[in-house]
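>>> model the following, please.
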Amino acid sequence: MSLSAVLGILSSLKSCQADIGTGMDIVTDVAIDLAEAQDGEGHPGIKDMEAMILECAQLDREINYFVDVVQQVTSEVTTQQPEAMFSLSDKVKEQFNERIARLSDTELQNHQKVVAFKDSIRNSLNQANQESAENMEELDEDIAVTQSQVNFTCPLTQVEMVNPVKNKKCNHHYDEEAIRGVIKARHSQRKKCRCPVVGCGNTDISESDLIPDQILRRRIQSQKRQSNRT
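Numbering: from 1, shown residues only. Down below sits the predicted model:
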């Protein structure tokens, strides 16, 4: 197999990885629906979905490991004789198995989408209880609309967010594509990325700080549907 064919396979795996991420978002959405129906966090359906999220997180990590190992091994053989390609498969298998053996449950629990799943369920239950206790329906409509607009606007693009992520250090929200682009651009210049929210003291944002906010994304989508109907 040629190196170009190997790179083609890696590209296909990356596409599969994106589909896995989309699937995890869908599972989280369904779990939020159950939580918002006040079936409770102990609902067996939510527990089953949490298990599915963890399985997807493991598959996502395994793809990352495999891609990393293949890229490392192929970079080593490109400077050697063509005969070295024959040992490529064994090297990949050996190093990949070593990485998988070190994969811990803690690492899976810290996967961004697993954290987002748990945060979403907890926040949905808390919100349902709070709305019931405080009778949120009677809040002034203008205040609610103003608050929604503030929460829905990305501080970078100044437009409504599409895929909001929360910074776990300072709890500020940004559109995922916008903030990741800024982080990569700043890091390529060997500079730190500062939180774009005015007055925030967080001067060093990394991609590992970002957690998808599924509940906020659903609220944005709900507002869009309401706007389209009116």
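>>> hmm, residue 32 is touching residue 118, no?
No. Taking Cβ atoms under 8 Å as the definition, residue 32 is not a contact partner of residue 118, at 11.5 Å. Every C-beta, even on glycine, is put in place using the N, C-alpha and C of the backbone.
>>> with neighbour numbers in mind, choose between these two.
Using other Cβ atoms under 10 Å, the more surrounded residue of residue 32 and residue 118 is residue 32, with 21 against 17.
>>> right, and the helix or strand after the helix or strand containing the more buried one?
Here residue 32 sits within helix 3-36, counting by DSSP states H and E. Heading C-terminal from helix 3-36, the first helix or strand you meet, by DSSP H and E, is helix 44-77.
>>> with only the CA atoms kept, save the following helix or strand past that next one in PDB.
The first helix or strand that comes after helix 44-77 along the chain, using DSSP H and E, is helix 88-101. Listed next in PDB are the C-alpha coordinates belonging to helix 88-101 (Å, rounded to 0.1, in the frame of the first residue of the first chain):
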ATOM      1  CA  LEU A  88       4.600  -0.500   8.700                       C
ATOM      2  CA  SER A  89       1.500  -2.600   9.700                       C
ATOM      3  CA  ASP A  90       3.200  -4.300  12.600                       C
ATOM      4  CA  LYS A  91       4.600  -1.100  14.000                       C
ATOM      5  CA  VAL A  92       1.200   0.600  13.800                       C
ATOM      6  CA  LYS A  93      -0.500  -2.400  15.500                       C
ATOM      7  CA  GLU A  94       2.100  -2.500  18.300                       C
ATOM      8  CA  GLN A  95       2.000   1.200  19.100                       C
ATOM      9  CA  PHE A  96      -1.800   1.500  18.800                       C
ATOM     10  CA  ASN A  97      -2.300  -1.400  21.200                       C
ATOM     11  CA  GLU A  98       0.100   0.300  23.700                       C
ATOM     12  CA  ARG A  99      -1.900   3.600  23.500                       C
ATOM     13  CA  ILE A 100      -5.300   1.800  23.900                       C
ATOM     14  CA  ALA A 101      -4.000  -0.100  27.000                       C
END
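>>> any low-confidence regions in this structure?
Applying pLDDT under 70 to the chain picks out residues 1-3, 38-43, 77-86, 127-150, 230.
>>> kindly recompute the last result at 90.
Where the chain drops to pLDDT under 90, the residues are 1-15, 17-18, 29-48, 69-93, 112, 116, 119-152, 198, 214-230.
>>> can you list the domain ranges for the chain.
Per the record, the chain has its domains at 3-112, 139-229, by automatic domain parsing.
>>> export those as CSV, with columns for distance to residue 122.
Formatted as CSV, these follow (distance: least, Cβ to Cβ, whole Å):
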stretch, distance to residue 122
domain 3-112, 7
domain 139-229, 10
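>>> I'm done for today, thanks for sticking with me.
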